[in-house]
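Visitor: Got a predicted model here, sequence first, then my questions.
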Amino acid sequence: FVAETRERFREQAWLRCTQLDPEQPVLDQGWAPNSVDVLVVPNSLHNWGDVPQVLRRLTELVRPGGWVFLLENVRDDNPALQVSMEQMEIRNGPFTDARGERDQIFWTREQWPALLAAAGLRLEAGVAADSGSGQMLFAARAKTDRMNVGVSELNRWLRARLPEYMIPGQWHVLDQLPRTGNGKIDRNLLLELTRRRTGAPVALDEQPMSAMEQQVAALWSELLDVPRVGRDDDFFALGGDSLLVARFVGMLRERVPDVIALQWEVVLRHMLRRPTVAHLAEYLKEVSRASDASVEAPTAVRSSPFVALHGPGDDPTTVLVHAGTGTAMPYRALVTEIRRRSAGSASLAALEIPDLQGFWDADPQGLIERMAAQYAQALVARGIREVHLVGYCLGGLIATEVSRNLTDLGAEVESMTVISSHSPRFRLDDEILSEYSFSVMMGIPVEALGFPGDQQRVALATDEVLRRTPGVIADGGLAALDGDFFDVGEKFSRLAEKSRAERIEAMCQHVPATAGMYDAEHMNRLFQTFRQSVFAISRYQPEPYAGDVTFLRHSGEYPFPGSKEAVTKQWEEVVLGDLDILYVAGDHYTCLSAENVADVVSILTRTTAGAVLR
């Protein structure tokens, strides 16, 4: 249900989806007591063995005066329902509350008021859901015997009465202080609570220094619900993710006028590399001095493709090889998950295109091999001799060639993991088809741009083009289709009549919020990089590879430009060593998304012998 909810509401970037086990203490799961205004529990409470205990834990989350809505069956006289309930896998063991003694599954309407009152809830109303189901909606208020006090209010009150050094570094609003078995306050548990939520207290020399650092720290504190943030705190270690970066950029635009034009992807790329208050504030200061609000110019040339992401930077290093957009952005959920799980001693880095203009201008024929040679030299120049290579999409092909070069240079390739990667057996030159693939990759609804909405239909149309011109999809090939594929040809033809600027502008208008915020210049830059990558992929002919490969094959559909069988066959032909094929959830574009990346990290932990999470 969590994954389905993320998908259904993916355009609501503010929505966070996670799980809660109400049989475990809420604090152990990262939830803050007294932090929820409205709690809705639809038709699920009866599944738990001890409903009174679960209800108390859920109520712990709700602020004083907050609402709890419960939808529950209140009739226990339906044999068919009783039998089906006994067979449900969701049932969490035997009933250990009063139902176990009374041999009932559901609490009755008469039992609910006392049940709610025991959990600190005052029943305000009970309404029958409909005439025949036996379900009722209960509306209850939480903790009506106390006031709702906010952290900011407490801070203001104390600052008017105490010097700054006496103001608590953290606030935790608890229903009651934890106690030991002999009734004393459990100070060890309180100390553990402060460490669990925010890390160690912020020392004086770790506090934000400059005005920009203070602004960034204040925004992070508000966004992540962390009372105090130090200048060296890691955004992702505090609970941040790529969706929260999008919200953070929106807050920056509203409250820091000098960076109003800053791009979401630019900030996220910087935070993937150096995700601390101090480093981000320094970067934003540079940005605010730049006339175009982008220190990293669109075609800036960096000295090296190597980008450090996490850890000390010593051997062994897990290296993520860029995909078709030329940056580590497609790995953002993966990097976030690794940061959260890693103890901090694992070295994680990425390879990104250092010279975009040079990449755009290059001949796509042989480009992958030339890039790989440059990347291998850069790794060796950094003193890296033990490498775990990971490549997604285009990155899988580049990683294969980087591995060959590293071996020739005397470095050790400890493992190579390829994720949803292959090169089609034809040359692609069609500009509009590359825009179609780019739009799908960005999550843009292609029918809103004027493309056919059925991906399988486009795949069949490309097969028809290849039947007419074997081995090549020429520029304008799909626009020229007629006959059985007149509908596809007409749509591609109409799009070809528009200028690229018009088509790019349409992409900016329809890109979903979860993909980021883009202006036309930024979107065009991404597209040019993607198009050149696709052209390079379709001209690449891999040689046999002597090493071992773990190939992560996605379990979703394979529309354009291949099939599960063709992709698998290619790697079986290329790899001369051991080929381990494993399934991962999602399709080509979602297998590294937040909801699917946990399995990928688990696999990488095994293939890298734990190096990725040391």
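Guide: Perfect, I can see it now.

Visitor: so what's V41 up against?
Guide: By C-beta atoms under 8 Å, 6 or more residues apart in numbering, V41 lies in contact with L58, V68, F69, L70, L71. To be clear about C-beta, it is placed using only N, CA and C from the backbone, and glycine gets the same treatment.

Visitor: So how do I select the buried members of these in ChimeraX?
Guide: Buried residues among those (16 or more other C-beta atoms under 10 Å), as a ChimeraX selection:
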select :58,68,70
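
Visitor: can you redo the contacts of V41 as JSON lines with pLDDT, distance to V245 and secondary structure?
Guide: Formatted as JSON lines, the contacts of V41 follow (pLDDT from 0 to 100; distance: C-beta to C-beta, whole Å; DSSP: H, G, I helix; E, B strand; the rest coil):
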{"residue": "L58", "pLDDT": "91", "distance to V245": "30", "secondary structure": "helix"}
{"residue": "V68", "pLDDT": "95", "distance to V245": "32", "secondary structure": "strand"}
{"residue": "F69", "pLDDT": "95", "distance to V245": "32", "secondary structure": "strand"}
{"residue": "L70", "pLDDT": "93", "distance to V245": "35", "secondary structure": "strand"}
{"residue": "L71", "pLDDT": "91", "distance to V245": "35", "secondary structure": "strand"}
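
Visitor: Identify, from the contacts of V41, the entry nearest to L466.
Guide: L71 (54.3 Å; C-beta to C-beta).

Visitor: That closest one contacts N43, correct?
Guide: Yes. Counting by C-beta atoms under 8 Å, N43 is a contact partner of L71 at 4.9 Å.

Visitor: Next, show the common contact partners of the two.
Guide: In contact with both L71 and N43: Q135, using C-beta under 8 Å, 6+ apart.

Visitor: Dump the contacts of V41 to JSON lines, plus distance to L223.
Guide: Compiled in JSON lines, the contacts of V41 are given as follows (distance: C-beta to C-beta, whole Å):
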{"residue": "L58", "distance to L223": "25"}
{"residue": "V68", "distance to L223": "26"}
{"residue": "F69", "distance to L223": "27"}
{"residue": "L70", "distance to L223": "31"}
{"residue": "L71", "distance to L223": "32"}
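
Visitor: Closest one of the contacts of V41 to L394?
Guide: Among these, and counting by C-beta to C-beta, the member closest to L394 is L58, at 46.6 Å.

Visitor: The closest one: what's its closest spatial neighbour, skipping adjacent residues?
Guide: With sequence-adjacent residues excluded and distances taken as C-beta to C-beta, 6 or more residues apart in numbering, L58 is closest to P22, at 5.6 Å.

Visitor: next one: G239
Guide: L224 (5.3 Å).

Visitor: Tell me who's in contact with the one you found.
Guide: Contacts of L224 by C-beta under 8 Å, 6+ apart are F235, L238, G239, G240, L244.

Visitor: re earlier: now the residue nearest to L58, what's its secondary structure?
Guide: Secondary structure, DSSP: H, G, I helix; E, B strand; the rest coil: P22 is coil.

Visitor: Does R340 touch L238 like I think?
Guide: No. In this structure, R340 is not within contact of L238 by C-beta under 8 Å, at 10.2 Å.

Visitor: more crowded one of those two?
Guide: Comparing R340 with L238 by other C-beta atoms under 10 Å, the one with more neighbours is L238, at 20 against 15.

Visitor: Test my guess that that one contacts L223.
Guide: No. If you go by C-beta under 8 Å, L238 and L223 don't touch, sitting 9.4 Å apart.

Visitor: which two in the contacts of L224 are spaced the farthest apart?
Guide: L238 and L244 (9.7 Å).

Visitor: Got phi/psi on Q135?
Guide: phi -90, psi 150 (degrees, to the nearest 10).

Visitor: Got the confidence number for it?
Guide: Predicted confidence (pLDDT) at Q135: the value is 86.

Visitor: What is the neighbour count of it?
Guide: Using other C-beta under 10 Å: Q135 sits among 17 other residues.

Visitor: what's across from it in the sheet?
Guide: N73 (DSSP bridges).

Visitor: wouldn't it be in contact with N73 here?
Guide: Yes. Between Q135 and N73 a contact is recorded at 5.2 Å, counting by C-beta under 8 Å.

Visitor: so what sits against both of the two?
Guide: Both Q135 and N73 are contacted by N43, under the criterion C-beta under 8 Å, 6+ apart.

Visitor: What ranges does the stretch 51-200 of the chain have for its helices?
Guide: 51-61, 79-87, 98-102, 112-118, 151-159, 187-198 (DSSP state H, counting those that start in this stretch).

Visitor: Name the stretch among those that sits most buried.
Guide: helix 51-61 (a mean of 20; mean count of other C-beta atoms under 10 Å).

Visitor: what residues does that one touch?
Guide: Against helix 51-61 from outside (C-beta under 8 Å, 6+ apart): 22-23, 25-26, 31-36, 39, 41, 45, 48, 68, 97, 99, 107, 115-116, 118-121, 142-143, 175.

Visitor: One more: stretch 581-597?
Guide: With contact meaning C-beta under 8 Å, 6+ apart, stretch 581-597 is reached by 2-3, 6-7, 241-243, 330-331, 333-334, 336-337, 392-393, 419-420, 440-441, 443, 550-558, 568, 571, 599-600, 603.

Visitor: Only whichever of those are buried, select them in PyMOL.
Guide: Buried members of those, defined by 16+ other C-beta under 10 Å, are picked up in PyMOL with:
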select buried, resi 6+241+242+243+330+331+333+334+336+337+392+393+419+420+440+441+443+550+551+552+553+554+556+558+568+571+599+600+603
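
Visitor: Mark which of the contacts of stretch 581-597 are part of strands, please.
Guide: Taking DSSP state E as the definition of strands, these contribute Y392, I419, T550, F551, L552, R553, H554.

Visitor: what two of the residues you listed are the furthest from one another?
Guide: Of all pairs in these, the most separated under C-beta to C-beta is T550 and H554 at 13.9 Å.

Visitor: how much space is there between T469 and D430?
Guide: For T469, the distance to D430 (C-beta to C-beta, to the nearest Å) stands at 11 Å.

Visitor: intersection of neighbour lists for these two?
Guide: G477.

Visitor: Break down the stretch 301-450 of the chain into its strands, ranges please.
Guide: Along the stretch 301-450 of the chain, the segments classed as strands by DSSP state E, counting those that start in this stretch run 306-310, 317-321, 347-351, 386-392, 412-419, 427-428.

Visitor: now stretch 334-354, how far from the chain's geometric center?
Guide: Mean C-alpha position of stretch 334-354 versus that of the full chain (C-alpha atoms, centre = their mean, to the nearest Å) differs by 14 Å.

Visitor: buried ones in that stretch?
Guide: Neighbour counts over stretch 334-354 (16+ other C-beta under 10 Å) mark 334-339, 342, 346-354 as buried.

Visitor: Take that stretch, keep the C-alpha atoms, and write them as CSV.
Guide: Written as CSV, here are the backbone C-alpha positions of stretch 334-354 (Å, rounded to 0.1, in the frame of the first residue of the first chain):
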residue,chain,number,x,y,z
LEU,A,334,20.3,4.9,-4.1
VAL,A,335,22.8,7.4,-2.6
THR,A,336,20.2,8.5,0.0
GLU,A,337,19.6,4.9,1.1
ILE,A,338,23.3,4.1,1.2
ARG,A,339,24.0,7.3,3.3
ARG,A,340,21.2,6.2,5.8
ARG,A,341,22.5,2.7,6.2
SER,A,342,26.2,3.3,6.1
ALA,A,343,28.3,3.8,9.2
GLY,A,344,30.3,6.5,7.3
SER,A,345,33.4,4.5,6.5
ALA,A,346,32.3,3.3,3.1
SER,A,347,33.7,5.2,0.1
LEU,A,348,31.1,6.1,-2.5
ALA,A,349,31.8,8.2,-5.6
ALA,A,350,30.4,8.9,-9.0
LEU,A,351,31.7,9.5,-12.5
GLU,A,352,30.0,12.5,-14.3
ILE,A,353,30.6,14.1,-17.7
PRO,A,354,33.2,16.8,-17.0
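
Visitor: and it, what's its mean pLDDT?
Guide: For stretch 334-354, the per-residue pLDDT averages 84.
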